[in-house]
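[1] Build the 3D model from these lines:
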Amino acid sequence: GGEIRPVSIGNTKICAELLKESLDADAFEIEMKAPYSDSYRECVAQAREDLQKNHLPELKTMPESITDYDVVILGYPNYCSTIPMPVATFLDAYDFSGKKILPFCTNEGSGMGVSEADIKKYAPGADVEEGLSVNGSKARESKKLLEDSGGIIIYRHPPGLPAARDRGTAGPVKSDQACL
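    Numbering: from 1, shown residues only. The predicted model follows:
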């Protein structure tokens, strides 16, 4: 099960790398310009505050455009029963009208929470498919589940930090591609 401990790679990234072995796709990693604390408890408090204030944290970089992509496969950890606010920043920055978003969420039993509804809020006009929930502590054993779902994840997790710092990533995909 899930426990608070420093990890070198987050559960979401583990899943992404499992899928990347069999896919040829573009990818974008969401990274905050001013990351949350390395301390698990402080990180959770900062993430909760951003969520409560609907604060969209600034990202280090953003893709120039997503217009060439019909599908965005979006993977992220469950933060306070929804998407991490850096993922909301990414979604809020682009026009997703007519694009399909395939959500994918790593968690320790909390499932998708309200993340699918929140993705719709930050990406109005997008066709948000039902998401896939993956138990994070079983991420290394989830390759078949991920492949069978047809979904891929986008990831964010700096080395050596608690798994709760896993932020999520987003990667646009061309209609004939999948993306990590």
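
[2] if I look at the most centrally placed residue in the chain, how far off is I83?
    Against the mean C-alpha coordinate of the chain, by Cα atoms, centre = their mean, the closest residue is Y76 at 2.2 Å. Y76 sits 5 Å away from I83, taking Cβ to Cβ, to the nearest Å as the criterion. No exception for glycine: its C-beta is placed from N, CA and C like everyone else's.

[3] Could I get the pLDDT score of the residue nearest to the centre of the chain?
    We note a pLDDT of 86 for Y76 in this prediction.

[4] And for D166?
    42.

[5] the helices in this structure, which residues?
    With DSSP state H as the criterion, the chain has helices at 11-20, 40-52, 85-92, 115-122, 143-149.

[6] Can you convert those into JSON lines and add a column each for mean neighbour count and mean pLDDT?
    Output for those, formatted as JSON lines (neighbours: other Cβ atoms under 10 Å; pLDDT from 0 to 100):
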{"stretch": "helix 11-20", "mean neighbour count": "24", "mean pLDDT": "74"}
{"stretch": "helix 40-52", "mean neighbour count": "15", "mean pLDDT": "92"}
{"stretch": "helix 85-92", "mean neighbour count": "25", "mean pLDDT": "96"}
{"stretch": "helix 115-122", "mean neighbour count": "19", "mean pLDDT": "97"}
{"stretch": "helix 143-149", "mean neighbour count": "15", "mean pLDDT": "67"}
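
[7] mind checking which of these is nearest G109?
    Nearest of the helices of the chain to G109, taken as Cβ to Cβ: helix 11-20 at 12.6 Å.

[8] what number of residues lie near R140?
    For R140, the count of nearby residues is 12 (other Cβ atoms under 10 Å).

[9] partner residues bridging the residue nearest to the centre of the chain?
    C105 (DSSP bridges).

[10] which stretches of the protein form strands?
    Along the chain, the segments classed as strands by DSSP state E run 71-77, 100-107, 127-128, 132-135, 169-173.

[11] mind listing what's buried in the fourth one?
    Burial within strand 132-135, assessed by neighbour count using 16 or more other Cβ atoms under 10 Å, is assigned to L132, S133, V134, N135.

[12] for the first one, same thing?
    Within strand 71-77, the residues scored as buried using 16+ other Cβ under 10 Å are V71, V72, I73, L74, G75, Y76, P77.

[13] which other helices and strands contact it?
    helix 11-20, helix 85-92, strand 100-107, strand 169-173 (3 or more Cβ pairs under 8 Å, 6 or more residues apart in numbering; DSSP states H and E).

[14] To T67, which of those lies closest?
    With Cβ to Cβ as the criterion, T67 lies closest to strand 169-173 of the helices and strands packed on strand 71-77, at 9.1 Å.

[15] Please work out the average pLDDT along the closest one.
    pLDDT averaged over strand 169-173 gives 42.
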